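Colleague: okay, sequence plus prediction incoming.
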Amino acid sequence: MARCAGGAHGSLPTSPMNLLMISGDRATAEGRKGAFWYTLQSLAKHWDRIDIICPKPPHKNDSLTSQMEKHGVFFHPNIRGLRTQSRWIRSKGAQLCAQRPYAAMTIHEYPPFYNGRGALRLAKEKNIPTLLEIHHIVGDPAPANLSERIGHMLSRRVLPKEVAQATATRTVNGSVRETLVEWGAPQKKIAVLPSFYLDRSVLVSSAPNEKKYDLAFCARLVANKGLGNVLSAVTMLPGITLLVIGDGPERASLEKRAQSLGIADRVTFAGWLPTHEDVVAALKSAKIFLMNSLSEGGPRSALEAMACGLPVIVTPVGIMPDVLNDGQNGLFTTGEPEDLRTQIEFLLEDPDRAYDMGKSAMFVLDSFERETLIAAYSDFLKHLS
């Protein structure tokens with residue numbers, strides 16, 4: 001069988017060191033600097049070339065992808081819709097494999113599993129070592145709607161089989177690994193490799209901002225993020241202001257809800273902010289950070305808020321149970337409006353306690369420093385074969 005990789009088990013593959021990534025990210029191909037774009041800035045240092053197969057972006061903009069090509073990173077977005085994504089992965093991947101060898105392939109997987117379907121077949125045909133990446137299980141521990149409930153059921157059927165097929169599997173927190181093992185996935189194939197890359201130079205060096213808002217919320221605006229309950233809590237807190245950072249399909253309905261609740265003058269929807277520095281500055285303009293998700297892989301935004309020295313109020317999902325000591329470096333919430341109100345009042349009425357929590361929270365930087373984690377991730381990939 002022809003092999004699209006080099007090296008033997010226990011040793012690094014022979015040069016050149018090329019990486020093939022199967023990604024769901026479309027922000028970079030749209031010209032937007034999202035989390036993936038910032039990750040690639042550091043990841044490119046560890047590879048001679050990175051090829052990324054991704055879906056077709058709604059609005060193609062080559063401004064960022066052309067910059068990345070100067071650093072050996074090449075995007076290959078589908079020329080058709082998502083229904084053809086699995087076929088695109090196989091055809092484009094085979095074309096790329098004919099041009100150069102790859103030391104490893106990463107597969108970012110989630111429902112409807114088109115990445116895994118196409119990439120695992122490609123890996124078998126071309127004999128490429130694969131890292132299946134499961135950053136988040138949809139609807140786990142709690143689904144936000146019927147779509148997530150269906151996604152969770154399908155994940156239970158599909159993901160254990162894909163873990164068995166891949167060379168190895170990456171989860172970004174312990175809870176996802178535990179769920180996969182409970183579902184029958186082989187534990188020996190699963191490694192926890194956090195993907196919450198915190199940039200110390202941006203998070204710590206920027207000057208503190210004037211506190212314009214009482215609360216900050218930063219997420220993609222979709223159902224499972226729990227912003228609706230946050231808005232309900234704000235109605236119980238007269239005069240309290242909220243900054244919402246992020247965009248998404250639920251934004252228009254959430255803005256209408258803020259209006260119907262009579263709090264539109266106290267809630268600012270900032271939308272998508274163009275740079276990481278802009279996001280950090282916005283976070284630092286608030287006294288408290290809120291994360292109210294029903295399910296998560298991280299989220300990175302909560303860790304960045306902690307690194308900025310903000311006291312955080314979060315639901316116990318994703319990485320949060322691993323890093324937050326309730327009452328010491330933040331507070332847990334049930335996510336219901338009444339409990340959110342209680343926790344917000346607690347911190348706002350005791351600013352000294354809130355300050356101490358924020359200072360304690362900054363130690364997350366020691367565990368999630370970007371360059372260290374990405375170097376470890378690259379080393380793991382290079383030893384897959």
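Modeller: On my side now, so go ahead.
Colleague: where does pLDDT dip in the stretch 251-385 of the chain?
Modeller: Applying pLDDT under 70 to the stretch 251-385 of the chain flags no residue at all.
Colleague: quick one: the helices in it?
Modeller: With helices called from DSSP state H, counting those that start in this stretch, the stretch 251-385 of the chain shows them at 251-260, 276-284, 300-307, 320-323, 337-348, 351-361, 370-382.
Colleague: list the buried residues in stretch 172-180.
Modeller: 172-173, 175-177, 179-180 (16 or more other Cβ atoms under 10 Å). C-betas here are computed from N, CA, C, even on glycine.
Colleague: between these, which is closest to Y377?
Modeller: Using Cβ to Cβ, V172 is the member of these that lies nearest Y377, at 10.4 Å.
Colleague: verify the contact between the closest one and F196 for me.
Modeller: Yes. In terms of Cβ atoms under 8 Å, V172 counts as a neighbour of F196; the distance is 7.1 Å.
Colleague: how many residues are close by the residue nearest to L348 when sequence neighbours are not counted?
Modeller: Spatially, and ignoring its direct neighbours in sequence, L348 is nearest to D214 (6.5 Å; Cβ to Cβ, 6 or more residues apart in numbering). Neighbour count for D214, taken as other Cβ atoms under 10 Å: 19.
Colleague: got it, and A216?
Modeller: Residue neighbour count, defined by other Cβ under 10 Å, stands at 28 for A216.
Colleague: the helix or strand where it lies to helix 300-307, inter-axis angle?
Modeller: Under the criterion of DSSP states H and E, A216 resides in strand 213-218. If you take axes from the mean of the first three to the mean of the last three Cα atoms, to 10 degrees, strand 213-218 sits at 140 degrees to helix 300-307.
Colleague: so what touches strand 213-218?
Modeller: 227, 230, 234, 240-246, 268, 279, 282-283, 285-292, 301, 305, 310, 344, 348 (Cβ atoms under 8 Å, 6 or more residues apart in numbering).
Colleague: report the strands that pair with that strand, each with its relative direction.
Modeller: Paired neighbours of strand 213-218 in the sheet (DSSP bridges): strand 242-245 (parallel), strand 286-291 (parallel).
Colleague: quick one on the thing from earlier: the residue nearest to L348 and C308, how far apart?
Modeller: According to Cβ to Cβ, to the nearest Å, D214 stands 16 Å off from C308.
Colleague: got the residue ranges for the strands in this protein?
Modeller: 18-22, 49-54, 73-77, 104-108, 130-134, 168-171, 190-192, 213-218, 242-245, 267-271, 286-291, 312-314, 331-332 (DSSP state E).
Colleague: these: which one's closest to R353?
Modeller: Using Cβ to Cβ, the nearest of those to R353 is strand 331-332, at 10.0 Å.
Colleague: partner strands of the closest one, parallel or antiparallel?
Modeller: In its sheet, and by DSSP bridges, strand 331-332 pairs with strand 312-314 (parallel).
Colleague: can you list the strands of the chain in JSON lines and add distance to S367?
Modeller: JSON lines is the format used below for those (distance: least, Cβ to Cβ, whole Å):
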{"stretch": "strand 18-22", "distance to S367": "25"}
{"stretch": "strand 49-54", "distance to S367": "26"}
{"stretch": "strand 73-77", "distance to S367": "27"}
{"stretch": "strand 104-108", "distance to S367": "22"}
{"stretch": "strand 130-134", "distance to S367": "20"}
{"stretch": "strand 168-171", "distance to S367": "16"}
{"stretch": "strand 190-192", "distance to S367": "12"}
{"stretch": "strand 213-218", "distance to S367": "20"}
{"stretch": "strand 242-245", "distance to S367": "23"}
{"stretch": "strand 267-271", "distance to S367": "28"}
{"stretch": "strand 286-291", "distance to S367": "17"}
{"stretch": "strand 312-314", "distance to S367": "15"}
{"stretch": "strand 331-332", "distance to S367": "19"}
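Colleague: out of these, which gets nearest to K256?
Modeller: Using Cβ to Cβ, the nearest of the strands of the chain to K256 is strand 267-271, at 11.1 Å.
Colleague: tell me which other helices or strands the closest one touches.
Modeller: strand 242-245, helix 251-260 (3 or more Cβ pairs under 8 Å, 6 or more residues apart in numbering; DSSP states H and E).
Colleague: if you compare these, which one is most tucked away?
Modeller: strand 242-245 (a mean of 23; mean count of other Cβ atoms under 10 Å).
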